[in-house]
Structures are given as C-alpha cells and as structure tokens.
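Q: Let me see the structure of the following:
(chains A and B)
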Amino acid sequence: MREIRMKSGIPLLLALALLAGCSPDSGFNSISDYDVVVTNFDPEADFQVYTTFAVADTLLELGRPEGDDTPLPEWLKDLIRDEIIAQMEKLNYTFEPDPVSNGPDVIIVAGITQTRWTGYVPGYPWYPGWGWGPWYPWYPWYPGGGPGYKYQYDTGSIIIDYADFGTYDPDTDEIEIRWTAGMNGLISSSSSSNQERIIRGIRQAFEQSPYLKKN
Amino acid sequence: MRRIVAVILLLALFYGAAEADEVIGAVTYEVSTPMGDMTDFIHKTSWRGFGIEGRWLQSPNISLGLSWRWNTFSQKAAGTQEIENGHVTGNQFRIIYGSPVMVTAFWYPVSPLDNPKFLPYLGLGGGPYWMKERLEIGIVTFEDSSWHFGLSPEAGVMIPAGYNTSLIATARYNYAFESGDAPEYQWWSFNVGFSWTN
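A: Got it, this is the predicted structure:
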C-alpha cells in the first residue's frame, strides 16, 4: 500500500512541475508589439543655442542581409527625411534649405540597417511507452517524431543623429553628436505597415525628448 | 539542469525515507505575491508555483527536513521609461524565477504520532535561493541570474483525509537577501496540496 501511495504522488508532482515550470507567454502577437524606440542625449548639451537645422539628403545604409543588393527605395528616404523635418519644425527649429551656402546650427543624419535572422529547430524522435506494472495500465507508445524546421525573419533599425554642425572638423571628419534616436523592430511583409510604423517611431523619438524643444 | 538535480535528490530522499519511521512527504501548489522592492519589477501575483518536501520527525513534536520550490512571476509593461541620459519606449515582458532549496525545521504543538484530526505547525526554512530576472523589450532580451541566502518562516496545517494522506495548507514568507549587485527578493506564498505519512 505504501509503495502505491508514494508512486501516486509522482503524476501529481510532474503535473504541477509542468504547470509551474513552463515559461509564461508574453502574449505579444502583432509585429508592432516588438517595436522599440530608444533616445539618448548628451547631458552637457544646451539645446536652446541651436535654431537652424538641415537634414542630409542621403539615407545611410549601415547594414543589410548578405546577398541582398536591392537598392533602398526612394520613398523610404523621402518618408524618413520629411518626417524628421516636420518634427523638428514642430519643436520650433527653422529648416535651412541651402546648408551649403548657409551653415546650419544642427545637421541631422539618418541611417538604416536590416538584419536577417535564421535558425533551425531540430525534430524529435519517437518515444517508447512506459508503465508501472500490474497495478497501473501500460501507457501507449508515442506516435512518430516530428520533423525539424527552419525559421527566418528580418529586423530593421533606423538611427537618427542630431549633430552640432559648429563642431565639425574637416581635418578629422568628426562631428559631435548631441542626440541620437534608434528605432528597432521586425520587418513586415506589408509595405504600408512598415511605413506607418516608421512614422510612428520617429514621432515617438521626438515626443520622448521634450528637452529638444526650443522655447 | 539544476531543476532536474534538485528533483532527483528530493525524490531519492522521499523514497529512501519512506522506508524509515516517522516521515512526512508533501507536494503543494503555490500562489505567490511579490513584496518589498521586488514589486518595482513585478507586482502581479504568481499562479505558477509548486513545492515538494520531506520531513523527518526527530522527536514527537519536532521535525527536520528538506524542501525544493519553484515560483514563476511574470508581468507585461508598456510605455516610456527613463534610462541614463535618455528614454526607451516599447512593450516589455518581465519574468522572475525563484527557486529555493531549504533545510527546514518544524514544531508541532500536537504530535503527528498521536494521529490528530487537525495538525497545525510552525517552522522555519533556510538555504540558497536561485533567482533569475528576465526582461524582454522589443526583440531584445536581458537576463541575469543570482544566488542568495534566504529564510522562510512558515505556518500551516495538515488535515487527515484517510490512508495516511492529509490535505495540507500553508502560508510562507520568502526572503532572499541581497547578493552582490543583485537585490533582495521577498514574497508571500499561499500553498495547498497533499502530504503523506508512513
């Protein structure tokens, strides 16, 4: 009798362990659930001294999946540049359309990177059945194992640098960055979804940086 | 791996002790609520927890034993958070795993040997706590695990249900002390389950 009672605790123990030990699920199901916006500023900077700004015409390509030579679409560069200009003007900065002739206080440069993640989840073999003996029924054999599978997904990041143009050194080609924004997320197969999320990310970056605003 | 080793050790003691006299084994389901500074990271009650233990009577009213428990706390968070010289916005999923392995001592005002209809007890556990914090923000995950020394005072009752089996209900306060850079952790556990005696 004692042996059976002790063994009857094992299924309960395993059930509880399975229930409690399984990792909880975040419940994030939408691609946009994984979007992140990070901003960082130079604590020594006085943003009130800057008035005019320009945005670089070129969108820097900081990285892309190997073998992918597709050029970045023009609409993407225009989308990012236009939104940055709109947000800066909203913060009471003045856009300088001819920075070559009239050096601005601030030069903003945006870059983009794409990373492709791939992996493989191995399959599992079949498992034999098991049982306790005459008091308990024998458990059946498990069905055949499952195959492995490969997964792949792309992530993208947009980096925006706000630099003090007055610190540009042509000899070293260096400039001091006063504020940086980074947006990261999964790339959707829907172009319209990606566009909407890019705009939302840029707006969020400026919204969470109220110290940039000119009084 | 540490989970597997702990379960194997406790099961071995459980079965080994079954052959000895005056032994009590128990399996419990645990509901836990964070307390103190732990609530800065997660404040939601955990419904994922379990424990197994063995107790050996040293005298009619005192037992010594071993226990192993597992608690999983999790919580979603969203919005903008301040970081050093900046801010971060994104959905977060926070998880804390807590797993103490304790040496326990319990006092029974009524001896289990008397087969009472109601068996209250008070006790204290002490031993190592393994804690792990996990923060998922966007597609990035930050993890940190640490070992702490901790104590857990406990009060409970066993109610016989026949065939040397009892229903067990306990309340326990877990306190894992600070360890290096890792903060303290503390939580209440309210547990129900079954116990067996020989």
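Q: What ranges does chain A have for its strands?
A: Taking DSSP state E as the test, the strands found in chain A are A:36-41, A:52-55, A:60-63, A:94-95, A:106-121, A:149-169, A:174-186.
Q: Out of these, which gets nearest to chain B?
A: strand A:36-41 (3.3 Å; C-beta to the nearest C-beta). Heads up, the C-betas are built off the backbone N, CA and C, glycines and all.
Q: Which other helices and strands does that closest one contact?
A: strand A:174-186, helix A:191-207, strand B:86-90 (3 or more C-beta pairs under 8 Å, 6 or more residues apart in numbering or on different chains; DSSP states H and E).
Q: worst average pLDDT in the strands of chain A?
A: Lowest mean pLDDT within the strands of chain A: strand A:60-63, a mean of 78.
Q: which residues touch that strand?
A: Defining contact as C-beta atoms under 8 Å, 6 or more residues apart in numbering or on different chains, one finds that strand A:60-63 is touched by A:Leu72, A:Val109, A:Ala110, A:Gly111, A:Ile112, A:Thr113, A:Gln114, A:Thr115, A:Ser157, A:Ile159.
Q: at 6 Å instead, please
A: In this structure, residues lying in contact with strand A:60-63 by C-beta atoms under 6 Å, 6 or more residues apart in numbering or on different chains are A:Gly111, A:Thr113.
Q: before we move on, what about stretch A:184-200?
A: By C-beta under 6 Å, 6+ apart, the list of residues contacting stretch A:184-200 reads A:Ile31, A:Ser32, A:Tyr34, A:Asp35, A:Val36, A:Glu83, A:Asp154, A:Thr155, A:Gly156, A:Ser157, B:Gly138.
Q: which of the residues you listed lies closest to B:Thr89?
A: Using C-beta to C-beta, the shortest approach to B:Thr89 within the contacts of stretch A:184-200 belongs to A:Val36, at 7.0 Å.
Q: The closest one touches B:Asn91, doesn't it?
A: No. Taking contacts as C-beta atoms under 6 Å, A:Val36 lies outside contact range of B:Asn91: 8.3 Å.
Q: elements contacting the helix or strand B:Ile168 falls within?
A: Using DSSP states H and E, B:Ile168 sits in strand B:165-176. Helices and strands touching strand B:165-176, by 3 or more C-beta pairs under 6 Å, 6 or more residues apart in numbering or on different chains; DSSP states H and E, are strand B:140-162, strand B:185-197.
Q: what comes into contact with it?
A: B:26, B:129, B:148, B:150-161, B:185-196.
Q: rewinding a little: could you export the helices and strands packed on strand A:36-41 as TSV, including distance to B:Ser63 and mean neighbour count?
A: Below are these laid out as TSV (distance: least, C-beta to C-beta, whole Å; neighbours: other C-beta atoms under 10 Å in any protein chain shown):
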stretch	distance to B:Ser63	mean neighbour count
strand A:174-186	54	20
helix A:191-207	58	17
strand B:86-90	50	20
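Q: can you list these in a markdown table and add distance to B:Ile62?
A: Listed next are the helices and strands packed on strand A:36-41 as a markdown table, based on distance: least, C-beta to C-beta, whole Å:
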| stretch | distance to B:Ile62 |
| --- | --- |
| strand A:174-186 | 58 |
| helix A:191-207 | 61 |
| strand B:86-90 | 53 |
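Q: Out of those, flag the one nearest A:Asn92.
A: Across the helices and strands packed on strand A:36-41, closest to A:Asn92 is helix A:191-207 (C-beta to C-beta), at 12.1 Å.
Q: Pick out the residue closest to the middle of chain A.
A: A:Asn184 (2.4 Å; C-alpha atoms, centre = their mean).
Q: what does chain B give?
A: Nearest to chain B centroid, counting by C-alpha atoms, centre = their mean: B:Arg69, 4.0 Å.
Q: Give the burial count for the closest residue to that one other than its chain neighbours, as a bare number.
A: Excluding its sequence neighbours, the residue lying closest to B:Arg69 (C-beta to C-beta, 6 or more residues apart in numbering or on different chains) is B:Gly51, at 3.8 Å. When neighbours are counted by other C-beta atoms under 10 Å in any protein chain shown, B:Gly51 registers 26.
Q: Same question for B:Arg55.
A: If we define neighbours as other C-beta under 10 Å, then B:Arg55 has 26 of them.
Q: Quick check: it touching B:Gly65?
A: Yes. B:Arg55 is within contact range of B:Gly65, at 3.7 Å (criterion: C-beta under 6 Å).
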